[in-house]
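**Q** fold the stuff below for me.
(one chain, ligands or ions: 1)
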Amino acid sequence: MSQEFVLETRGLTKEFRGFTAVDSVDLQVEKGTIHALIGPNGAGKTTVFNLLTKYLPPTRGEILYQGESITKLKSNQIARKGLVRSFQISAVFPHMTVLENVRVALQRPMGNSFHFWKHERVLDKLNDRAMELLESVGLEEYSNTITVELPYGRKRALELATTLAMEPTVMLLDEPTQGMGHEDVDKVVELIRQAAVGRTILMVEHNLGVVSKLCDKITVLARGAVLAEGDYANVSQNPKVREAYMGSEDAEVKGAH
Ligand SMILES: Nc1ncnc2c1ncn2[C@@H]1O[C@H](COP(=O)(O)OP(=O)(O)OP(=O)(O)O)[C@@H](O)[C@H]1O
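**A** This next block holds a predicted model:
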């Protein structure tokens with residue numbers, strides 16, 4: 001048992017009809033850290049995330065969470081154990097208000113999310129907690145806004161609030177700053193930093209500036225395998241990493257400053 005690692009993969013492999021998208025990946029995520037999974041397009045990052053959150057079954061290998069094998073568990077089972085993925089496509093209900101979305105998320109751990117419309121009064125009791133969560137992501141003034149009307153960056157903040165409602169121990173963030181302008185990126189970086197207090201975060205992130213600011217440890221994937229690992233300074237100087245990113249050194253330098 002490796003207690004120091006809250007999340008670990010051993011020989012994790014995914015083949016799609018003979019094509020190896022994830023190749024014997026040994027990932028070790030230390031408790032209390034913000035860990036990034038980076039790599040060029042097609043490196044296998046999304047597939048690793050899909051394996052970790054059980055959207056896909058692995059071809060081979062093992063996944064351990066808090067020292068226990070979760071290889072055979074389902075998505076909802078691991079979410080209940082505290083391994084929760086955020087920033088998924090449509091993680092929120094667009095036609096509910098912002099507050100309603102958080103209340104629904106607060107109901108999820110209780111396993112009765114499908115009956116939320118029947119218990120309006122019960123849900124009202126959750127308002128305080130929901131407002132607290134909205135405050136924690138700076139959305140209190142948007143509580144009565146219909147979610148579809150939220151600006152993009154705010155929608156992401158709401159997704160973070162709905163994830164926090166599930167009281168995750170480990171949060172998996174899938175490209176949290178994707179498609180955002182500078183200002184929103186800075187806000188989300190700050191939110192992630194706050195959300196990371198007392199938790200562990202594993203994130204796939206293309207913006208290397210964000211990675212350099214936030215992450216304690218970086219695992220670089222290339223062609224499905226781990227190419228390098230370390231802190232940003234280490235990894236960004238690694239010639240193998242620079243080569244794998246071919247021509248994107250510019251982006252790296254720009255992104256980091
Ligand atoms: N369901 C699938 N069937 C076949 N091949 C797949 C499938 N999913 C992913 N792949 C292939 O596996 C490889 C890894 O893809 P993946 O999406 O995990 O990479 P990524 O690092 O997330 O890329 P990006 O940065 O572009 O999102 C790619 O070559 C992709 O075409």
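**Q** which bits of this structure sit near the ligand?
**A** 16, 19, 21, 39, 41-47 (Cβ under 6 Å from any ligand atom). Just so you know, the C-beta spots here come from the backbone N, C-alpha and C atoms, and that holds for glycine as well.
**Q** report the buried members of the residues you listed.
**A** When the residues of the chain next to the ligand are checked for burial by 16 or more other Cβ atoms under 10 Å, the buried set is 21, 39, 43-47.
**Q** report the two of those separated the most.
**A** 21 and 39 (11.8 Å; Cβ to Cβ).
**Q** what bits of this structure have low per-residue confidence?
**A** 1-3, 87-91, 108-124, 246-257 (pLDDT under 70).
**Q** nearest the geometric middle of it, what residue?
**A** residue 173 (1.3 Å; Cα atoms, centre = their mean).
**Q** that residue: which element?
**A** Assessed by DSSP states H and E, residue 173 sits inside strand 170-174.
**Q** now for the helix or strand just after that strand, which elements pack on it?
**A** Next along the chain after strand 170-174, taking DSSP H and E as the criterion, comes helix 182-195. In terms of contacts (3 or more Cβ pairs under 8 Å, 6 or more residues apart in numbering; DSSP states H and E), helix 182-195 is packed against helix 152-164, strand 200-204, helix 208-214.
**Q** may I have helix 182-195 as CSV, with CA atoms only?
**A** C-alpha atoms of helix 182-195 as CSV (Å, rounded to 0.1, in the frame of the first residue of the first chain):
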residue,chain,number,x,y,z
HIS,A,182,-7.0,36.3,-20.1
GLU,A,183,-9.3,37.8,-17.4
ASP,A,184,-11.4,34.6,-17.0
VAL,A,185,-8.2,32.5,-16.9
ASP,A,186,-6.8,34.5,-14.0
LYS,A,187,-10.1,34.2,-12.1
VAL,A,188,-10.3,30.5,-12.6
VAL,A,189,-6.7,30.1,-11.6
GLU,A,190,-7.5,31.8,-8.3
LEU,A,191,-10.7,29.7,-7.8
ILE,A,192,-8.7,26.5,-8.3
ARG,A,193,-6.1,27.7,-5.9
GLN,A,194,-8.8,28.2,-3.3
ALA,A,195,-10.6,25.0,-4.1
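**Q** what residues does that helix touch?
**A** 34, 136-138, 152-153, 156-157, 160, 164, 171, 173, 176-177, 180, 201, 203, 207, 209-210, 213-214 (Cβ atoms under 8 Å, 6 or more residues apart in numbering).
**Q** relative to strand 170-174, how tilted is the strand ranked longest in the chain?
**A** Secondary structure assigned by DSSP state E gives strand 5-16 as the longest strand of the chain. Between the axes of strand 5-16 and strand 170-174, defined by axes from the mean of the first three to the mean of the last three Cα atoms, to 10 degrees, the angle is 40 degrees.
**Q** quickly run through the sheet partners of strand 5-16, with directions.
**A** strand 19-25 (antiparallel), strand 28-30 (antiparallel), strand 60-65 (antiparallel) (DSSP bridges).
**Q** can I get the ones you listed in TSV including distance to residue 128?
**A** Formatted as TSV, the strands paired with strand 5-16 follow (distance: least, Cβ to Cβ, whole Å):
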stretch	distance to residue 128
strand 19-25	42
strand 28-30	33
strand 60-65	31
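**Q** residue 92: which of those is closest?
**A** Comparing these by Cβ to Cβ, strand 60-65 comes nearest, at 25.3 Å.
**Q** so what touches that closest one?
**A** In contact with strand 60-65 (Cβ under 8 Å, 6+ apart) are residues 2, 5-13, 24-25, 51-52, 69-71, 78, 81, 83, 170.
**Q** same check, this time on stretch 126-134
**A** With contacts defined as Cβ under 8 Å, 6+ apart, stretch 126-134 is touched by 98-99, 102-103, 106-107, 140, 142-143, 161, 164-165.
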